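Q: no sequence for this one, just the structure:
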């Protein structure tokens, strides 16, 4: 077993589990002051984006998929392996999102486009760096582009 | 405490800790057959890239930085917070890399550009998806572009 400790928590206007319309929400990360202080975030606003790695502890373990399934159980889309889709119902329940960095205020990092619900434990924050890619030609299947159509769009 | 279980391990030609020249190496991930089988990777080769989240267990805990430091201890670069740099000496020791998907053979996922050493435990594999961004204007400070100059380049 691998033991990790949350570095902070997500504070978000989204309080229930829901898949789409994440641009309707506002959120920030509050760093744990027992481990960190404002210096831990120094220089982050020189980057336009940050990668947030979080632990989706509200996902029920009995829902976790390990083999293959139709994304969102939609039979119009192909059955694909758990590691070929980004569903939250996954081994280790780790979420990953590239967010726009808005501002830092003391131990709070304000973000745009974080797809994590209120009180989600945060595992890491990394600056987004161009050279980390993707490098080379990019390609993805059509089903994921269809799935993503409502993912960000605000529901107002 | 958050308890995670590795989903597999990295097999890489890089066996020691070193920062640069990752394009010199070949690597694959071997999924744990007690939890997964080849169906867990079904459809992943329809994506050009995958995001690999791994646990850098070889990093010594006494080296972990929580506040601010000069990246690679280079005083020519500004002192920045641990969450504004991507050093391995970080809380929770989580690594994240976008790799080119080469091929899948049974429970093995062959990758290009994975910056993890041999036997590193893997926590998650996600397909890289265009819509996950970064969205909007991109910006990063010059020190990180300088640091990245030798990161990928092969040392041969």
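A: All right, it came through fine. Note that the structure is predicted; figures quoted are calculated from it, not measured. Numbers count the residues shown, from 1 in each chain, chains lettered A, B, ... in the order given.
Q: Can you get me the start-to-end distance on stretch A:72-83?
A: The first and last residues of stretch A:72-83 sit 14 Å apart, counting by C-alpha to C-alpha, to the nearest Å.
Q: I meant to write stretch A:30-46 there.
A: In stretch A:30-46, first residue to last residue: 19 Å (C-alpha to C-alpha).
Q: Could you check the pLDDT of residue A:156?
A: Here, the pLDDT recorded for residue A:156 equals 59.
Q: Tell me who's in contact with residue A:139.
A: Residue A:139 makes contacts with B:46, B:47, B:48, as judged by C-beta atoms under 8 Å, 6 or more residues apart in numbering or on different chains. Every residue, glycine included, has its C-beta placed from N, CA and C.
Q: so what's the nearest residue to residue A:83 once chain neighbours are set aside bridging to?
A: Sequence neighbours aside, residue B:125 is the residue nearest to residue A:83 in space, at 4.0 Å (criterion: C-beta to C-beta, 6 or more residues apart in numbering or on different chains). Listed by DSSP bridges, the beta-bridge partners for residue B:125 are residue B:52.
Q: would you list every one of the strands in chain A?
A: A:2-4, A:8-12, A:27-31, A:49-55, A:68-69, A:80-81, A:94-105, A:108-112, A:121-127 (DSSP state E).
Q: Let's have the ones you listed in JSON lines, adding mean neighbour count.
A: Formatted as JSON lines, the strands of chain A follow (neighbours: other C-beta atoms under 10 Å in any protein chain shown):
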{"stretch": "strand A:2-4", "mean neighbour count": "16"}
{"stretch": "strand A:8-12", "mean neighbour count": "20"}
{"stretch": "strand A:27-31", "mean neighbour count": "22"}
{"stretch": "strand A:49-55", "mean neighbour count": "24"}
{"stretch": "strand A:68-69", "mean neighbour count": "19"}
{"stretch": "strand A:80-81", "mean neighbour count": "24"}
{"stretch": "strand A:94-105", "mean neighbour count": "19"}
{"stretch": "strand A:108-112", "mean neighbour count": "20"}
{"stretch": "strand A:121-127", "mean neighbour count": "24"}
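Q: Report pLDDT for the spatially closest residue to residue A:68 that is not a sequence neighbour.
A: The spatially closest residue to residue A:68, leaving aside those adjacent along the chain, is residue B:39, at 4.4 Å (C-beta to C-beta, 6+ apart). On the pLDDT scale, residue B:39 is placed at 98.
Q: Tell me who's in contact with residue B:39.
A: For residue B:39, the set of contacting residues under the criterion of C-beta under 8 Å, 6+ apart consists of A:67, A:68, A:81.
Q: Might you list the low-confidence residue ranges for chain A?
A: Within chain A, the stretches with pLDDT under 70 are A:156.
Q: who's in contact with the residue nearest to residue A:119 when sequence neighbours are not counted?
A: Counting by C-beta to C-beta, 6+ apart, the nearest residue to residue A:119 once its immediate chain neighbours are dropped is residue A:9, at 5.7 Å. Contact analysis of residue A:9 by C-beta under 8 Å, 6+ apart lists A:29, A:30, A:32, A:119, A:120, A:121, A:122.
Q: Relative to residue A:3, how far out is residue A:9?
A: Distance of residue A:9 to residue A:3, computed by C-beta to C-beta, to the nearest Å: 18 Å.
Q: And for residue A:14?
A: Here the distance between residue A:14 and residue A:3 works out to 28 Å (C-beta to C-beta).
Q: go on, residue A:85?
A: When distances are taken as C-beta to C-beta, residue A:85 and residue A:3 turn out to be 27 Å apart.
Q: swap in residue A:81?
A: Between residue A:81 and residue A:3 the distance, using C-beta to C-beta, works out to 27 Å.
Q: same question, residue A:138
A: 36 Å.
Q: ok, now residue A:83?
A: Per C-beta to C-beta, residue A:83 is found 23 Å from residue A:3.
Q: Kindly report the same for residue A:133.
A: In terms of C-beta to C-beta, residue A:133 sits 30 Å off from residue A:3.
Q: Could you give the number of residues near the nearest residue to residue A:74 once chain neighbours are set aside?
A: Excluding its sequence neighbours, the residue lying closest to residue A:74 (C-beta to C-beta, 6+ apart) is residue A:147, at 7.9 Å. Around residue A:147 sit 21 other residues, with neighbours defined as other C-beta atoms under 10 Å in any protein chain shown.
Q: Is it correct that residue A:147 is in contact with residue A:71?
A: Yes - using C-beta atoms under 8 Å, residue A:147 and residue A:71 qualify as a contacting pair, with a distance of 5.9 Å.
Q: can you list residues touching both of the two?
A: Taking C-beta under 8 Å, 6+ apart as the criterion, residue A:147 and residue A:71 both touch residue A:77.
Q: and the closest residue to residue A:113 other than its chain neighbours, what does it touch?
A: Counting by C-beta to C-beta, 6+ apart, residue A:113 lies nearest to residue A:99, which is 4.9 Å off, once chain neighbours are set aside. For residue A:99, the contacting residues are A:49, A:50, A:51, A:52, A:111, A:112, A:113, A:114, taking C-beta under 8 Å, 6+ apart as the criterion.
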